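>>> starting from these lines, generate the structure:
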Amino acid sequence: MGFPGTWMTESESVVYRVVPKCACSTIGQIMFYSDHGRFFDGDIHDATDGMHKWAIEASQPVIERNVKTHGSYAFTCVRNPYTRILSSFFDKICGIQRNGKRYRGNLVPLLIQKYGIEVGGPDGKQEFDQIKSFRRFLLFARDTIRWKKPMEPDIHWSAMSGHISTFIVNGGRYNNIFFTEKFDEGMQSVLDDIKVKHKVDLKTIPRFNESEGHGPKRAHPVEDYFDDLSMHLVWEIYKRDFQLFRYDFENPGNKMPKGPVDLDEVHAKLGK
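Residues are numbered from 1 along each chain as shown. Have a look, this model is predicted:
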């Protein structure tokens, strides 16, 4: 199985396990900058050189050797499950992607037909009942994760613990797992522990948000999208994420974690 979703700087200063919808564009650009003294021109997900990625065949043996021998500092970043699934909905389901098309081609028509979801019209800009549509999307997300129907779960809404566990199960070990909600503090803690070719000043680094502007703006506070049934579905999908990464399940309005991640617990529970 190897190390899917793993990126590493060319200098091998640091290894990162990508978790979709958790500041991965910004993190990738910071890694690129730390090696080259410039940002990648375009979406870092499209970069095919200047960085090792598991998706690039030539990078696989280099990443595998490094990760299995724990040759470099390894980290990842997590996000509140409530805001993460909401972000996935507005970006991937309601938004037009950077290629000018809908995400995954026939996915949105399928959702409109089978789950009665609205997405704000052809361009995602018309008014629609966001709360009603989001709750129906949540049902679909649960169906994909629980029963792999009507399709396999998508990386943008499958549980963070699933992404993070593949790295551990195959022999990797994390030195740091930090929170999107405390990004500067967490990213600084990584930079403080590694040697980089080019110093990174987080205060001046732009936020690279590949999903910015793709879809409609969220019209309500986070907690308005989650009634009792929605919270039940979220728990069914993301129970381990809440428990391992210390997020507040009881209060969807509280995006902040309740405490630091216990790395030993993460390795013990996700390494099986």
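>>> quick one: list the elements packing against the one helix or strand Ile63 maps to.
Under the criterion of DSSP states H and E, Ile63 resides in helix 60-68. Using 3 or more C-beta pairs under 8 Å, 6 or more residues apart in numbering; DSSP states H and E, the elements in contact with helix 60-68 are strand 6-9, strand 14-17. Every C-beta, even on glycine, is put in place using the N, C-alpha and C of the backbone.
>>> partners of the first one, with directions?
Next to strand 6-9 in the sheet, as set by DSSP bridges, lie strand 14-17 (antiparallel), strand 51-53 (antiparallel).
>>> pull the residues that contact it.
Applying C-beta atoms under 8 Å, 6 or more residues apart in numbering, the contact partners of strand 6-9 are 14-18, 28, 31-32, 34-35, 51-54, 59, 62-63, 66-67, 72, 167, 172.
>>> where do the helices sit along the stretch 1-150 of the chain?
Applying DSSP state H, counting those that start in this stretch to the stretch 1-150 of the chain gives helices spanning 24-36, 60-68, 81-88, 107-115, 130-147.
>>> residues of the third one that come out buried?
Meaning helix 81-88. For helix 81-88, a neighbour-count test (16 or more other C-beta atoms under 10 Å) marks Pro81, Tyr82, Thr83, Arg84, Ile85, Leu86, Ser87, Ser88 as buried.
>>> closest to Ala141 among those residues?
Nearest to Ala141 among those, counting by C-beta to C-beta, is Ile85 at 6.6 Å.
>>> for that closest one, what are its contacts?
By C-beta under 8 Å, 6+ apart, the contact set of Ile85 is Leu138, Ala141, Trp157, Val234, Ile237, Tyr238.
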